[in-house]
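Asks: structure for this input, please:
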Amino acid sequence: MQKNRVGLIGSGSWATAMIKMLGDNVVEKDIYWWVRKQEDVDYIKEHKKNPTYLSAVEVKLDTDHISTHAREIIQRSNIIILNTPAAYLKAALEGVTKSDFEGKIIVSAIKGIVPDENLIIGDYLQQVYDVPLDHILVVGGPCHAEEVSLEKLSYLTFGSKSEKNAKWVASLLACRYIKTIISDDVYGIEYGAVLKNIYALAGGICHSLGYGDNFQAVLISNAIREMETYVETIDPNPLRDINKSAYLGDLLVTAYSQFSRNRTFGAMIGKGYSVQSAQLEMNMVAEGYYASACIQHYMHKHQIELPICEAVYQILYQHKSATTIISQLAEKLS
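Replies: Residues are numbered from 1 along each chain as shown. You can find the predicted model right below:
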């Protein structure tokens with residue numbers, strides 16, 4: 001039986017949370033971590049903490065297993081977890097070749113779309129790196145990094161066409177505060193994770209415009225129906241239950257939680273911040289911003305009507321009045 005060698009690409013809050021899960025999991029494994037900045041690598045090696053994100057989390061890694069060279073981390077691993085913002089994935093994988101991924105399990109913990117290509121991560125891996133679909137896993141579910149750092153009970157869904165691979169990867173992340181669920185709905189989980197960020201952003205905009213909890217409940221109930229319309233158009237699946245935690249659960253926590261960066265970003269837009277100003281002040285990536293333009297592309301391609309996604313796109317990219325657009329959206333909700 002081959003040894004578990006897990007490489008994680010990414011050093012933000014969600015990546016740091018997954019490093020904690022891997023370290024707290026009891027299954028024997030070697031863990032390798034790609035961290036973008038050398039000064040962060042040096043700090044982590046000395047202090048066993050990420051200086052920028054979730055700095056209370058203890059990093060349980062050998063010091064020679066942390067590197068700024070992604071290709072080195074990937075070559076030393078047989079399971080690779082991708083956990084960067086989608087917009088930065090190409091830069092993180094610069095210099096990595098198809099042969100580096102060959103025969104390995106690639107796990108996407110990225111809840112976004114690669115902007116230039118308008119591709120979800122699974123499709124990007126297949127088209128650019130020739131990774132077979134049954135070697136690709138997606139991780140979804142309501143699981144904020146901040147609550148993982150506090151060891152609050154959370155649930156993750158591992159989606160793969162290979163049940164064996166899904167169970168293998170899940171077994172390496174399960175721990176006292178992480179419960180795992182296995183699914184074969186790769187596309188549903190991945191597109192659901194993209195869409196929920198847009199809906200959370202909409203919720204933030206509405207909150208800043210003065211809409212209350214009653215309206216938010218209607219907005220999110222319409223959002224889950226939009227999500228179902230979209231994923232069933234892109235990837236019809238009669239066995240998919242949109243009310244499961246990987247879809248509805250993730251949508252709810254992203255729309256309502258104080259830790260939701262997409263809701264926070266939307267709230268800033270609703271207060272009148274420009275996109276650039278909001279991004280600079282947050283110092284974190286809100287995947288919903290990039291996802292909005294990409295989903296707009298697919299809406300036109302497949303002729304799907306998604307009123308909430310359309311409203312967010314008009315506010316973010318066409319610079320239309322949030323007050324006017326949300327007022328018009330309110331007439332379309334039910």
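Asks: after the worst-scoring helix or strand of the chain on mean pLDDT, next one along is what?
Replies: The weakest-scoring helix or strand in the chain, judged by mean pLDDT, DSSP states H and E, is helix 275-282 (a mean of 90). Later in the chain than helix 275-282, the nearest helix or strand by DSSP states H and E is helix 287-302.
Asks: that older thread, need the residues that contact the least confident helix or strand of the chain.
Replies: Contacts with helix 275-282, where a contact means Cβ atoms under 8 Å, 6 or more residues apart in numbering, come from 261, 264, 265, 268, 269, 273, 285, 286, 289, 316. Glycine gets a C-beta too; all of them are placed from N, C-alpha and C.
Asks: in it, which residues are buried?
Replies: For helix 275-282, burial by neighbour count (16 or more other Cβ atoms under 10 Å) applies to 275, 278, 279.
Asks: just the pLDDT for the residue most central in space within the chain.
Replies: Central residue of the chain (Cα atoms, centre = their mean): residue 111, 2.1 Å from the mean position. We have a pLDDT of 92 for residue 111.
Asks: mind checking how far it is from residue 85?
Replies: Here residue 111 is placed at a distance of 9 Å from residue 85 (Cβ to Cβ, to the nearest Å).
Asks: is it true that residue 180 touches residue 168?
Replies: No: in terms of Cβ atoms under 8 Å, residue 180 does not count as a neighbour of residue 168; the distance is 11.1 Å.
Asks: in stretch 288-305, which residues are buried?
Replies: Under 16+ other Cβ under 10 Å, the buried positions of stretch 288-305 are 288, 289, 290, 291, 292, 294, 295, 296, 298, 299, 304.
Asks: can you dump the C-alpha atoms of it in PDB for me?
Replies: Only the C-alpha atoms of stretch 288-305 are listed here, as PDB (Å, rounded to 0.1, in the frame of the first residue of the first chain):
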ATOM      1  CA  GLY A 288     -18.100  35.900  -6.000                       C
ATOM      2  CA  TYR A 289     -16.700  38.900  -7.800                       C
ATOM      3  CA  TYR A 290     -14.800  36.900 -10.400                       C
ATOM      4  CA  ALA A 291     -17.500  34.200 -10.500                       C
ATOM      5  CA  SER A 292     -20.100  36.800 -11.500                       C
ATOM      6  CA  ALA A 293     -18.600  37.500 -14.900                       C
ATOM      7  CA  CYS A 294     -17.900  33.900 -15.600                       C
ATOM      8  CA  ILE A 295     -21.400  32.800 -14.700                       C
ATOM      9  CA  GLN A 296     -22.800  35.600 -16.900                       C
ATOM     10  CA  HIS A 297     -20.900  33.900 -19.800                       C
ATOM     11  CA  TYR A 298     -22.500  30.600 -19.200                       C
ATOM     12  CA  MET A 299     -26.000  32.200 -18.700                       C
ATOM     13  CA  HIS A 300     -25.800  33.600 -22.200                       C
ATOM     14  CA  LYS A 301     -24.200  30.400 -23.600                       C
ATOM     15  CA  HIS A 302     -26.900  28.100 -22.300                       C
ATOM     16  CA  GLN A 303     -29.700  30.700 -22.300                       C
ATOM     17  CA  ILE A 304     -30.400  30.400 -18.600                       C
ATOM     18  CA  GLU A 305     -32.300  33.100 -16.700                       C
END
